[in-house]
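In: Predicted model follows, preceded by the sequence.
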Amino acid sequence: MLKNHNNNPQFNIDKFYKNYLSGPRIFKNRDALESSYIPRELPHRDTQIKNIAEKTACALLGDTPPSFLCYGMTGTGKTATIRYVSQKLAQQNSKIKPWWIYINCNVVSTPYRILAHIYNTISRKEKIPPTGLPKDIIFKKLLGLLDSRVGNSICFLVLDEIDILVDKKGGNEILYDLTRLNENLDNSKTSIIGISNKLKFRENLDPRIISSLGEEHIVFPSYDASELRDILIERAKITFQDGVLKEEVIPLCAALAAKENGDARKALQLLRKAGELAERDQNKIVTAKHVEKAQGDLENDHIMEYIKGMPLQAQLIIASIYLISRFSPDYVIISGDIYDVHSEIRGLIPGVRQLTKRRISDYINELSLAGIISAEVKSMGHYGRTKIIKFDIGMELIENVLSKIDKIHGIMNYKPVFLQTDKVKLKNNIFKKLI
């Protein structure tokens, strides 16, 4: 092992790979625990499979299937079930082979990009540019391509996280256009399948769209611990070498995921992470301790992704709390302090506008609801009421995620001006020392 100038051992990558290759084998096929993996059987989804099969079967005869919506919490198997049915439909001995195009509305979220994505997926050769063409031109080109390339077959358009599209500008318009495709086609036919985590998103739909898309729906209930256990047992047979899982591993993963609204995706992630931790430690057996460690790691990963996906202004609120906590760990932070520090650091980043105290308070409430901070309301006597702010997650995790945000990592060493005094500002330039 090499030594660096601080007398700490350096990581020997060659030795690591050698040990890894000669170590115990945990996995047979770790990809079987990915949410994108479609197994041969989907436990506890017979009702939904039957319902979707009944709605789509007429595509094998060249008839137009109805458009419909699938509702359910995250990790209830909505997308997996639709992909499962699409595979089974493709395996049937029929002259007509349906097309399936999947659109994640969290990624492809504008009317232009949705039309371009559909066109480019079907065409595979000629590509619509990311921007630049009038939408009506793309629409006409898409109609021509559907008739010429899809021909007499059916094209299923699966809109995953469709509620995100509805909330965006132009979302209802593009949905209306898609539900009316068949009126403008001579040969091919289309069917829209919407997938949503929100049962009430239909309330924001244009009534014209509801009549075409929202009248038929399939509900996916959350899994309970017993059902999650069945799913993991079947998936583990494909994933792991024989005998590497301790008896308590799968029930523990199922129980932890059941607490997360029956999220099968979470259960699969836990089991995979636990196996990878055992593999990393060169253990021959995956134990409950690996599951517990995996739970902590995944929660941290989830928090990091959540913060990285927040608006910049919300990230600056977190950065304000971080800077106060870093340079004065024992300081009692109140909401007014965050307003002052935010005012300072937003000036260090071009183009960031000043927030009102009311908007700062809204962000504090959102961060509190997300479990990132606690915001306890305290009475300050005749000075009024204020919120005492603390992080509910570790400073190390906060530092790690903020340092990866381009517009924030450059201010990580900024010391707030007001920390030069041991008093806190209440309001109207009145200061009071907090003990």
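Out: Great, that's in hand.
In: what about Tyr102, which SS state?
Out: Of the three states, Tyr102 takes strand according to DSSP: H, G, I helix; E, B strand; the rest coil.
In: Which residue, other than its chain neighbours, is closest to it?
Out: Distance criterion CB to CB, 6 or more residues apart in numbering; nearest residue to Tyr102, sequence neighbours excluded, is Val158 at 4.8 Å. Glycine gets a C-beta too; all of them are placed from N, C-alpha and C.
In: what's the answer for Asp167, then?
Out: Asp167 sits nearest to Asn204 (CB to CB, 6+ apart), 6.9 Å away.
In: check contacts around the one you found.
Out: Counting by CB atoms under 8 Å, 6 or more residues apart in numbering, Asn204 makes contact with 166-167, 172.
In: of all the residues you listed, which comes closest to Ile303?
Out: Asp167 (23.9 Å; CB to CB).
In: For the closest one, give its distance to Ala278.
Out: Computed as CB to CB, to the nearest Å, the Asp167 to Ala278 distance reads 42 Å.
In: Please say which of those two ends up with more neighbours.
Out: Per other CB atoms under 10 Å, whichever of Asp167 and Ala278 has more neighbours is Ala278, with 27 against 14.
In: In terms of pLDDT, where does the more buried one sit?
Out: Looking at Ala278, its pLDDT reads 94.
In: what comes into contact with whatever helix or strand Lys55 lives in?
Out: According to DSSP states H and E, Lys55 maps onto helix 46-56. Counting contacts by CB under 8 Å, 6+ apart, the residues outside helix 46-56 that touch it are 42, 65-66, 68, 70, 77, 81-82, 84-85, 88-89, 98, 156, 191, 216, 218, 220.
In: Give me the subset of these lying in helices.
Out: Filtering these for membership in helices, criterion DSSP state H, returns 81-82, 84-85, 88-89.
In: Reformat these as JSON lines; add pLDDT and neighbour count.
Out: Below are the ones in helices among the contacts of helix 46-56 laid out as JSON lines (pLDDT from 0 to 100; neighbours: other CB atoms under 10 Å):
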{"residue": "Thr81", "pLDDT": "96", "neighbour count": "22"}
{"residue": "Ile82", "pLDDT": "96", "neighbour count": "24"}
{"residue": "Tyr84", "pLDDT": "96", "neighbour count": "21"}
{"residue": "Val85", "pLDDT": "96", "neighbour count": "23"}
{"residue": "Lys88", "pLDDT": "95", "neighbour count": "13"}
{"residue": "Leu89", "pLDDT": "94", "neighbour count": "20"}
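In: and of those residues, the nearest to Lys308?
Out: Each of the ones in helices among the contacts of helix 46-56 was checked against Lys308 using CB to CB; the closest is Ile82, at 28.7 Å.
In: Could you verify my assumption that the closest one touches Ile195?
Out: Yes - using CB atoms under 8 Å, Ile82 is in contact with Ile195, at 7.2 Å.
In: Could you tell me which residues touch both of those two?
Out: Residues touching both Ile82 and Ile195 by CB under 8 Å, 6+ apart: 70, 158.
In: so where do the strands sit in the stretch 101-250 of the chain?
Out: 154-160, 189-196, 217-220 (DSSP state E, counting those that start in this stretch).
In: Pull the distance from the second one to the chain's centre.
Out: Counting by CA atoms, centre = their mean, to the nearest Å, strand 189-196 is centred 21 Å from the centre of its parent chain.
In: How about stretch 170-178?
Out: So, by CA atoms, centre = their mean, the centroid of stretch 170-178 is 24 Å from its chain's centroid.
In: shift numbering so it begins at 231
Out: All set: I'll call the first residue 231, so the last point we hit is now stretch 400-408.
In: Contacts made by it with the rest, please.
Out: 340-341, 344-345, 369, 387, 392, 395-396, 420, 422, 434-436, 438-439, 443.
In: Pull out the buried members of those.
Out: 340-341, 344-345, 369, 387, 392, 395-396, 420, 422, 435-436, 439, 443 (16 or more other CB atoms under 10 Å).
In: Point out where the protein drops to low pLDDT.
Out: The model of the chain has pLDDT under 70 over residues 231-238, 444, 610-614, 650-665.
In: so how many other residues sit close to the residue nearest to Tyr332?
Out: Val388, neighbours per other CB under 10 Å, totals 21.
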